[in-house]
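J.: structure, please.
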Amino acid sequence: MRQMLFIAWTDALFQLRQGSTLLWLLVMPPIFFYFIGTVTGGFSSGFGGATATPIVVVAESPGFLRDQINLRLIENDFAPEWLADVVIPEGEEAPRRILTFAARLSDLILAGEQVSVSFDTRSSALSREFEAIRIQRSVYTALADIVASEAAGEGVLNEADLVALNAKPRIWNLEVSSAGSRQKIPSGFEQAIPGILVMFTLLVLLTSGASMLVIERKQGLLRRLASAPISRREVVAGKWAGRMILAAIQVTVALVIGTLLFKMEWGPDLWMVIVILAAWAGFCASAGLLVGSIAATEGQAGGLGVLAANVLAALGGCWWPIEITPGWMQALQNFMPTGWTMDALHKLISFQSGAASALPQLAIILLATFVVAAFAVNRFKYV
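T.: Predicted coordinates for the structure are as follows:
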């Protein structure tokens with residue numbers, strides 16, 4: 001045990017002296033927390049979020065249809081501000097979202113003429129499509145209201161017809177609610193911080209952890225251990241534990257920065273979150289040991305590590321909510337170790353489903369850790 005701990009601590013200290021390891025261990029994660037969290041922040045709006053999305057609606061003399069369109073925009077979590085025109089003072093930016101209708105909107109509808117509508121937004125690419133869907137839903141619902149009111153009313157369509165339509169009970173009602181005890185929809189940072197933490201733990205262990213093993217083998221350091229009175233089992237266990245120390249530092253730093261800097265709420269089962277992250281760290285340590293054992297050069301170890309970490313992060317839902325991806329990607333997540341970990345973290349943090357809800361994911365992560373560790377031990381070689 002003493003020899004194993006010595007190897008683990010020596011490995012960890014050596015890697016912590018490397019500038020590249022410290023960069024990806026301590027500096028890059030919070031930068032990615034901010035970037036990814038900001039980009040994906042729009043996913044939380046539109047589903048009963050606490051803050052509506054501001055939008056400027058430009059329409060000259062819209063007439064009585066203004067109130068109906070305004071109602072539908074509010075129903076889709078927009079906060080409309082109606083203007084006859086947009087005048088942008090010199091040196092100031094245009095509004096972030098502008099929805100523009102043709103002038104004399106109500107008169108054109110009553111005359112049976114086509115009405116042009118345009119939507120301009122400076123939102124991020126990931127949020128832009130979602131905003132466009134909500135705009136289309138608002139506009140087409142208002143159009144359906146007009147058609148239904150004309151069919152039910154007598155004579156020319158007017159404001160009273162729309163008021164009467166709004167007062168009628170709806171045959172179909174769609175109720176949208178949170179899938180767990182938590183009523184606040186997760187924000188961008190609540191998706192990004194666990195996702196980037198999972199990704200960077202894997203990235204650091206698959207690159208720095210694997211490359212170090214290749215270097216030690218090429219420089220003959222592992223041969224010296226082979227000649228020392230240390231069993232092969234203790235050597236492998238020490239190398240694995242050294243990588244676990246790196247993972248523990250990564251997780252601890254991310255938890256502290258996420259909580260203090262980004263006000264991350266980890267839910268009522270923080271202890272289970274830590275257990276899941278510890279299991280994930282064990283898997284990453286085993287995977288790093290395996291990559292370091294099969295790679296022939298330092299470049300191969302780094303390349304395999306970067307490629308594997310990025311592919312698993314993308315397919316496992318670390319970069320964005322997996323629900324926005326195609327069905328085949330959502331199904332594929334069930335076979336990804338990153339997917340198991342993210343699923344467990346979402347249950348604990350986002351949906352607050354209780355510690356027991358993450359037990360199946362914990363069991364499969366531990367099983368995968370033992371399987372990968374067995375392969376790593378089998379492929380471990382001194383030369």
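
J.: mind listing what's buried in the longest helix seen in the chain?
T.: Ranked by residue count, the top helix of the chain under DSSP state H comes out as helix 188-218. Residues 188-217 are the ones in helix 188-218 that count as buried (16 or more other Cβ atoms under 10 Å). Every C-beta, even on glycine, is put in place using the N, C-alpha and C of the backbone.

J.: what's the following helix or strand after that helix?
T.: helix 221-227 (DSSP states H and E).

J.: if you count contacts, what does the helix or strand just after that following helix end up packed against?
T.: For helix 221-227, the following helix or strand on the C-terminal side (DSSP H and E) is helix 232-260. On a contact count with 3 or more Cβ pairs under 8 Å, 6 or more residues apart in numbering; DSSP states H and E, helix 232-260 meets helix 2-16, helix 28-39, helix 188-218, helix 221-227, helix 270-294, helix 359-379.

J.: what's the closest of the ones you listed to residue 84?
T.: Nearest of the helices and strands packed on helix 232-260 to residue 84, taken as Cβ to Cβ: helix 28-39 at 33.0 Å.

J.: distance between the closest one and the chain's centre?
T.: Relative to its chain's centre, helix 28-39 lies at 10 Å (Cα atoms, centre = their mean, to the nearest Å).

J.: just the CA trace of it, in CSV.
T.: C-alpha atoms of helix 28-39 as CSV (Å, rounded to 0.1, in the frame of the first residue of the first chain):
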residue,chain,number,x,y,z
MET,A,28,-9.9,26.4,-19.2
PRO,A,29,-12.9,24.9,-17.4
PRO,A,30,-14.3,28.2,-16.0
ILE,A,31,-13.8,29.8,-19.4
PHE,A,32,-15.8,27.0,-21.0
PHE,A,33,-18.4,27.3,-18.2
TYR,A,34,-19.0,30.9,-19.2
PHE,A,35,-18.9,30.4,-22.9
ILE,A,36,-21.1,27.3,-23.2
GLY,A,37,-23.4,28.5,-20.4
THR,A,38,-23.9,31.8,-22.2
VAL,A,39,-24.5,30.2,-25.6
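
J.: angle of that helix against helix 188-218?
T.: 150 degrees (axes from the mean of the first three to the mean of the last three Cα atoms, to 10 degrees).

J.: do me a favour and average the pLDDT over helix 28-39.
T.: Regarding helix 28-39, the rounded mean pLDDT is 80.

J.: where does the residue nearest to residue 288 when sequence neighbours are not counted land on pLDDT?
T.: Residue nearest to residue 288 in three dimensions, not counting chain neighbours: residue 209, with 3.4 Å by Cβ to Cβ, 6 or more residues apart in numbering. We have a pLDDT of 78 for residue 209.

J.: deepest of the helices and strands packed on helix 232-260, which one?
T.: A comparison of the helices and strands packed on helix 232-260 by mean neighbour count, using mean count of other Cβ atoms under 10 Å, puts helix 188-218 on top with a mean of 25.

J.: between helix 270-294 and that helix, find me the angle.
T.: Using the same axes, to 10 degrees: helix 188-218 against helix 270-294 is 30 degrees.

J.: next one: the residue nearest to residue 365 when sequence neighbours are not counted from residue 81, what distance?
T.: Of all residues not flanking residue 365 in the chain, residue 279 sits nearest, at 4.5 Å (Cβ to Cβ, 6+ apart). Using Cβ to Cβ, to the nearest Å, one obtains 49 Å as the distance from residue 279 to residue 81.

J.: give me the below-cutoff pLDDT ranges for the protein.
T.: 39-51, 125-126, 153-154, 176-187 (pLDDT under 70).

J.: mind giving me the domain split of it?
T.: Here the domain assignment for the chain is 2-42+184-379, 49-167, based on automatic domain parsing.

J.: distance to residue 174 added to those, as TSV?
T.: Shown next, in TSV, are the domains of the chain (distance: least, Cβ to Cβ, whole Å):
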stretch	distance to residue 174
domain 2-42+184-379	16
domain 49-167	11
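
J.: show me the contacts for the residue nearest to residue 264 when sequence neighbours are not counted.
T.: Using Cβ to Cβ, 6+ apart and skipping residues adjacent in sequence, the residue nearest residue 264 is residue 258, 3.8 Å away. By Cβ atoms under 8 Å, 6 or more residues apart in numbering, the contact set of residue 258 is 33, 189, 193, 197, 264.

J.: who's in contact with the fourth one?
T.: Each residue near residue 197 by Cβ under 8 Å, 6+ apart is listed here: 29, 250-251, 254, 258, 277.

J.: can you mark which positions in stretch 302-314 are buried?
T.: 302, 304-305, 308-309, 312-314.

J.: what do you get for stretch 147-156?
T.: If you call a residue buried by 16+ other Cβ under 10 Å, then stretch 147-156 has these buried ones: residue 149.

J.: thought residue 322 was touching residue 332?
T.: No: in this structure residue 322 lies outside contact range of residue 332 using Cβ atoms under 8 Å: 9.4 Å.

J.: who's sitting farthest from the centroid in this protein?
T.: residue 155 (52.4 Å; Cα atoms, centre = their mean).
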